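**Q** Here is a sequence with its predicted model. Questions after.
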Protein chains: 2
Amino acid sequence: MDLDALVGDSCERDWQTVTPQSVDEVRFAVIGLGWFTKGRALPALEESDLCEPSVLVSSSTEKAERVAADTEGASRGITYDEFHDGEARDAYDAVYVVTPNALHLEYVETAADFGKAVLCEKPMERDSERAAKLRDVAADAGIELMIAYRMQTEPTVRRARELIETGYVGEPMSVTGNMSQPLLERIDADPNQWRLDESLAGGGALFDIGIYPLNTARFLLDEDPVAVTGNVSRTHEAFDEVEETVAFSVEFPDEVYAQCYASHNARQSSGITVTGTEGQVRIEPAFFQDQSRQLHVSRGDGRASITVTPVDQMLEEFDYFADRLRGTATLSPDGDHGLVDMRTMEAVYEAAESDRWITME
Amino acid sequence: MDLDALVGDSCERDWQTVTPQSVDEVRFAVIGLGWFTKGRALPALEESDLCEPSVLVSSSTEKAERVAADTEGASRGITYDEFHDGEARDAYDAVYVVTPNALHLEYVETAADFGKAVLCEKPMERDSERAAKLRDVAADAGIELMIAYRMQTEPTVRRARELIETGYVGEPMSVTGNMSQPLLERIDADPNQWRLDESLAGGGALFDIGIYPLNTARFLLDEDPVAVTGNVSRTHEAFDEVEETVAFSVEFPDEVYAQCYASHNARQSSGITVTGTEGQVRIEPAFFQDQSRQLHVSRGDGRASITVTPVDQMLEEFDYFADRLRGTATLSPDGDHGLVDMRTMEAVYEAAESDRWITME
């Protein structure tokens, strides 16, 4: 990996092993038809040559059929109950779970019963106990399970990881990462939004967006947390159940520290920086979709800002998942990987309660 | 403050109250002739129309006289002992203390005895007890004391502070700040460098450079720390007495958190970002001299990067100090302000030892 290659081929799918011509499309049941599904996931599945959004699952037949009618490749719209009952189970090969966090487990259980592969949104569940159960259910049934960390198939992040892996920054010394957005504007201040409901979401800004700098730091360093601390805060009354803002610190092996924050009540902003003994790699903007992504690198006397052509992150993720189902290469990130984030985030809350650093087991 | 004004007059000296024509120059005794003094401080004093580097003080007459011969406006080169004995005391009005941290107190004591104003480098001393004594010595003698935080007269930082003060970012929610450099390269890996000696420096990366994001966060928010945590680490054997790297978190009032790090063994890098409910202000590069400074602002759909003409930061600081001595406006930052950093940094070390958050008294 050098900068020439980086500029020349920054969006390369370095993971691709199969071609659309050589394999059958993966037909998805899509569980949960919220704004993210309609705005992001379904357009990507429509666009994909490896995937098809065959069966759409929602709270009512009417809603499911209405969205299905607008979705190219969708043959059925069914209810959650019908899904559990096995309706249309021959019409899909895999299940994409994009419900509120606390409902992930039940859909993975049903998918496991039917022997279907699962792509499950992050965070895995509302707590680590349920996340561990989710992982075990998939393992016991022998189904493939991938947690939907779209940053791990985002080309800019992959190029940054390669740079770090090949020594561009020397020894990594420090990470800073952040993600913030005015959530209440995005959800039209709907107090019933599940992200504001502790029993459905499990957590607030940390679970919803703080997981981006956390997981991307893990991915860039290829290491898992050793210890964490953090604090949560809230200034707006809408955040009476889950935290509005979180500042947290993660110790990685070799005493590399990541300093992170996330807020649901701040200017939209996102970035991640890895500084090493020799150089620095920074992605900013980093985590929101539809933004031109920039990779800022510096080493010695030189610095460069490389604009990476935006890709459809959901398309990359779905195609990667399909590639791994249809090919023979190993699928990642798996349930064990997702569970590390769950336990790390819970440790941040524990640290915030106790004003301590919490060591990860 | 709006962006028009910012671009049009970004280097304005908004603090200036006297003119060189209307007042006598402030003649300095400069205590300590290391690379920072020779490379940064003396050139600024030579350049200034409000200051004069009259008396240079070092370990030997030979060195002091040699540097004085090369310094425009310097009339004498004397030893530390001679300074304490009152040699040439009629030839200076103020004392600039730029020795290793642990020696600050003794020179301030002598300056106080002689009724001379003091500009004292940061951190104030090697520990908060001595720093408190330094402050008291100055107060008891009724001399002016300013701690040399050059960021507080750096135009880019002052413009950022005005933007925040006038509500550009809305309510500040979060700060991130960092400063790192490969110290061993800068000092030619000299193991006798005082910055590596705990008894002279008091601390490592935190005391020497972590103090920049810490103090600049305080200045930008116009608030003082409520609680802190942090961790220190070392990978290079040269850092056997003081820490090489520090990651620390500072809680400010209203639950605003600053996530900071500093390293003496990482790529040169510096930046500070304040993210609020409505917008963001980021300075990068932020803290090293001789770099073109950029102020990155965003709010609503807009973002702009404003390149601020580099100024001589030491000249700004010396002229501000002289302006306050010759005029009637109040001098800041004073000893109380500097002492807050000393106590905050010691609390970071205490936190690192105990894996806790430490509440500031």
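**A** Cool, got the structure. Numbering: from 1, shown residues only, chains lettered A, B, ... in the order given.
**Q** Quick one: mean pLDDT over the helix or strand hosting A:Thr275.
**A** Taking DSSP states H and E as the definition, one finds A:Thr275 inside strand A:265-276. Averaged across strand A:265-276, pLDDT comes to 96.
**Q** Likewise for stretch A:122-137?
**A** Stretch A:122-137 shows a mean pLDDT of 98 in the predicted model.
**Q** Over to stretch A:187-195?
**A** The model assigns stretch A:187-195 a mean pLDDT of 85.
**Q** in it, what counts as buried?
**A** For stretch A:187-195, burial by neighbour count (16 or more other C-beta atoms under 10 Å in any protein chain shown) applies to A:187, A:193-195. From N, CA and C alone the C-beta is placed, and that goes for glycine too.
**Q** next one: stretch A:116-134
**A** By neighbour count with 16+ other C-beta under 10 Å, stretch A:116-134 contains the buried residues A:116-128, A:130-134.
**Q** And whichever helix or strand A:Ala29 is part of, what does it pack against?
**A** Assigned by DSSP H and E, A:Ala29 belongs to strand A:26-31. Where contact means 3 or more C-beta pairs under 8 Å, 6 or more residues apart in numbering or on different chains; DSSP states H and E, strand A:26-31 is packed against helix A:42-47, strand A:51-58, helix A:80-84, strand A:94-97, helix A:313-326.
**Q** Chain B: which of these is closest?
**A** Taking C-beta to the nearest C-beta, helix A:313-326 is the member of the helices and strands packed on strand A:26-31 nearest to chain B, at 21.2 Å.
**Q** Just checking, which helix or strand succeeds that closest one along the chain?
**A** Counting by DSSP H and E, the next helix or strand C-terminal to helix A:313-326 is helix A:335-354.
**Q** list the buried ones in that next one?
**A** In helix A:335-354, counting by 16+ other C-beta under 10 Å, buried: A:335, A:337-349, A:351-352.
**Q** same check, this time on stretch A:247-258
**A** A:247-252, A:255-258.
**Q** And A:Leu50, what's its pLDDT?
**A** 98.
**Q** Chain neighbours aside, what residue packs nearest to A:Asp24?
**A** Among residues not flanking A:Asp24 along the chain, A:Arg326 sits closest, at 7.1 Å (C-beta to C-beta, 6 or more residues apart in numbering or on different chains).
**Q** Touching, that neighbour and A:Pro20? I think so.
**A** No. Counting by C-beta atoms under 8 Å, A:Arg326 sits too far from A:Pro20 to count as a contact (9.6 Å).
**Q** what about the residue nearest the centre of chain A, distance to chain B?
**A** Nearest to the mean C-alpha position of chain A, by C-alpha atoms, centre = their mean, lies A:Tyr149 at 2.7 Å. For A:Tyr149, the distance to chain B (C-beta to the nearest C-beta, to the nearest Å) stands at 22 Å.
**Q** ok, the residue nearest to A:Gln152 when sequence neighbours are not counted - contacts?
**A** Leaving aside its chain neighbours, A:Gln152 sits nearest to A:Phe219 (5.5 Å; criterion: C-beta to C-beta, 6+ apart). If a contact means C-beta atoms under 8 Å, 6 or more residues apart in numbering or on different chains, then A:Phe219 has A:149, A:151-152, A:157, A:161 as its contacts.
**Q** thinking again about what came up before, the following helix or strand past the strand holding A:Thr275 near chain B at all?
**A** Sequence order places strand A:279-283 as the next helix or strand after strand A:265-276, per DSSP H and E. Yes. Strand A:279-283 reaches chain B (C-beta under 8 Å from any C-beta of the partner chain) through A:279-280.
**Q** Strand A:279-283: which residues count as buried?
**A** Those would be A:279-283, for strand A:279-283 by 16+ other C-beta under 10 Å.
**Q** One more: stretch A:58-71?
**A** Applying 16+ other C-beta under 10 Å to stretch A:58-71 flags A:58, A:64-65, A:67-68, A:71 as buried.
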